[in-house]
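S.K.: what would the 3D arrangement of this be:
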Amino acid sequence: RVGESLPGSRLPVSGSDTSLHLMARLTSRDPVEAFEIIHNGEVIRRIAVRDLKGTIEQDLGQAPTDRPGWFLVRAVTSLPYTFRFASTAPFYVVDDNGAIPVREDACQFFLTWARERMNTLSLEDDPLRGEVLEYWKETEVFWMDRLAGIGK
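M.R.: All right, here's what the predicted structure looks like:
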């Protein structure tokens, strides 16, 4: 939560408003190593946890609401044999008009990701290949359109 706001909420850009604290509550069977705050695709803060299991409540400090974009919280386990994590949905930090800016690097990331998935699809002889590819092609067109619309 950020104050009373849950993930998925739109938060106004607040500048230096220190009342917007980010609080996490997680229940896990696996030992949790850290919480990470991811802002516009980059880890901006990592808060270590002492490999706790069960229910963890943690103050994660001030929410990153100084500029428009998005952020989420990810909890990372300390399991040596796999990368296991839990993530919130994003919080959206909006400008004075309530808009979330579309970033070119984010669109390019998802466009590249969709193309990589299409190239690694392993259904060569499967009759479902065309059906599966159709969704990925729609995804590719969506992100190409978003990129083309930036700055217009």
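
S.K.: which SSE is immediately downstream of the longest strand along the chain?
M.R.: Counting residues, the longest strand in the chain under DSSP state E turns out to be strand 42-62. Next helix or strand after strand 42-62 toward the C-terminus (DSSP states H and E): strand 69-77.

S.K.: list of residues touching that next one?
M.R.: Residues outside strand 69-77 that contact it (Cβ atoms under 8 Å, 6 or more residues apart in numbering) are 7, 22, 24, 26, 28, 30-40, 44, 49, 56, 60, 63-64, 83-93, 100-101, 103. Yep, even glycine has a C-beta here, placed from its N, CA and C like the rest.

S.K.: how about the longest strand of the chain: buried residues?
M.R.: 45, 47, 49, 56, 58, 60, 62 (16 or more other Cβ atoms under 10 Å).

S.K.: any chance of a markdown table for those residues, columns pLDDT and distance to residue 1?
M.R.: Shown next, in a markdown table, are those (pLDDT from 0 to 100; distance: Cβ to Cβ, whole Å):
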| residue | pLDDT | distance to residue 1 |
| --- | --- | --- |
| 45 | 94 | 16 |
| 47 | 93 | 15 |
| 49 | 87 | 18 |
| 56 | 87 | 14 |
| 58 | 88 | 12 |
| 60 | 93 | 10 |
| 62 | 89 | 13 |
